[in-house]
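Undergrad: okay, sequence plus prediction incoming.
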Amino acid sequence: MPANSRPRGRTERAVAEPDDPSGAPARRRQFNPRRGGGLLIGRLKDHGPATYQFRKDQDPSYYVRLLTSRGERTLWGKDLERAVKEGETKPKPGDLIGARRVGREAVTVTTRQRDAEGRITAQEEHHAHRTRWVVEKVAFFAERARLARRLRDEQQDVREALRERPELRSAFLSVRAAEQFAAQRIRDPKDRERFLELVKDAMASSVRKGEPLPSVSMRSPPEHQKPSSSQQPARKREDPTR
Amino acid sequence: MTVVATPAADQVFRDESASEWLKSALQGALDRDPVDALNDALLLASVLEERLREELQV
């Protein structure tokens, strides 16, 4: 069934809702995603739950209204509530903030039809996507930009950096793991260098955008797997088995 | 829900947390033609936002 011909009347949402509950064709962004990597900057005016686009016939959503240098902007999306309330800086009205879409997650929407007695008469599931947001004070993004520069700077004292910003540990570990992987698996020095550049760029980009950093742990190979000088080298796949 | 209202000019002058730069700029702007002053202020805001975006590397 086309999304925009969804039956009206007594329906209920059992599971997560997509950002635009009307199912209407996605509107173009209110800000140009090519500018600033989609980071909308402005002063937070207010935020809260409301029906989508403040229209009574729409489903519950959440809005964030900000005053930008180009006028007032209102963002809509259920994940905005989590982003504002559970963010690191927990911005308040009056703060200069940045809001950025960082991804989409698949959700299942269940639409139920009920009769006059409230009994379920029909049920339908369909898949949709919900946008994930980061909403933080601008100072957060500035700090992340500094951290990203630091991550890119190989001359930095890693210990000192980690003492100041322990949350960067996973990023440094990821780069370290990539260096070990490259040293062991990539023979061509140029390929190795290119690989490490890609990893560092990706990590720096995640740090800069304020995205959650991966959890990485370094692990030494178990003792019994380490080759000793007295042992024969492990047989390679292409070695004859006889 | 808290809604932030735009303060009037005299509130800005009384606000101890407002910067001297802002008060000085506002005082200068109030002496000018309001349309020209607002145009310049919007341009100034855009320029400063671009500068911030460069700092943020976004």
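TA: Happy to help now that I have it.
Undergrad: A:Thr89 reaches A:Ala142, doesn't it?
TA: No - counting by C-beta atoms under 8 Å, A:Ala142 is not a contact partner of A:Thr89; they are 11.2 Å apart. For every residue, glycine as well, the C-beta is placed using N, CA and C.
Undergrad: more neighbours, the two?
TA: Per other C-beta atoms under 10 Å in any protein chain shown, whichever of A:Thr89 and A:Ala142 has more neighbours is A:Thr89, with 18 against 15.
Undergrad: wait, is that one part of a helix?
TA: No - A:Thr89: not assigned to a helix; according to DSSP: H, G, I helix; E, B strand; the rest coil it is coil.
Undergrad: what's the nearest residue to it if we skip its chain neighbours?
TA: In this structure, A:Thr89 finds its nearest non-sequential neighbour in A:Lys137, 4.1 Å apart by C-beta to C-beta, 6 or more residues apart in numbering or on different chains.
Undergrad: now do the contacts for that neighbour.
TA: Counting by C-beta atoms under 8 Å, 6 or more residues apart in numbering or on different chains, A:Lys137 makes contact with A:Thr89, A:Pro91, A:Asp95, A:Leu96, A:Ile97, A:Gly98.
Undergrad: near chain B, anything from stretch A:168-188?
TA: No - for stretch A:168-188, no contact with chain B is found by C-beta under 8 Å from any C-beta of the partner chain; the gap never falls below 15.5 Å.
Undergrad: just the CA trace of the host helix or strand of A:Thr108, in PDB.
TA: Per DSSP states H and E: A:Thr108 is located in strand A:96-114. This file holds the C-alpha atoms of strand A:96-114, laid out as PDB (Å, rounded to 0.1, in the frame of the first residue of the first chain):
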ATOM      1  CA  LEU A  96      24.500  28.500  20.300                       C
ATOM      2  CA  ILE A  97      24.100  24.900  19.000                       C
ATOM      3  CA  GLY A  98      25.000  22.800  16.000                       C
ATOM      4  CA  ALA A  99      22.600  20.100  14.700                       C
ATOM      5  CA  ARG A 100      23.700  17.400  12.300                       C
ATOM      6  CA  ARG A 101      22.200  14.300  10.800                       C
ATOM      7  CA  VAL A 102      24.600  11.500  11.500                       C
ATOM      8  CA  GLY A 103      22.800   8.500  10.000                       C
ATOM      9  CA  ARG A 104      19.600   6.600   9.500                       C
ATOM     10  CA  GLU A 105      18.400   3.500  11.300                       C
ATOM     11  CA  ALA A 106      15.800   1.100  10.100                       C
ATOM     12  CA  VAL A 107      12.600   0.900  12.100                       C
ATOM     13  CA  THR A 108       9.500  -1.100  11.700                       C
ATOM     14  CA  VAL A 109       6.200   0.700  11.800                       C
ATOM     15  CA  THR A 110       3.100  -1.300  12.800                       C
ATOM     16  CA  THR A 111      -0.200   0.200  11.900                       C
ATOM     17  CA  ARG A 112      -3.300  -1.300  13.600                       C
ATOM     18  CA  GLN A 113      -6.900  -0.700  12.800                       C
ATOM     19  CA  ARG A 114      -9.400  -1.000  15.700                       C
END
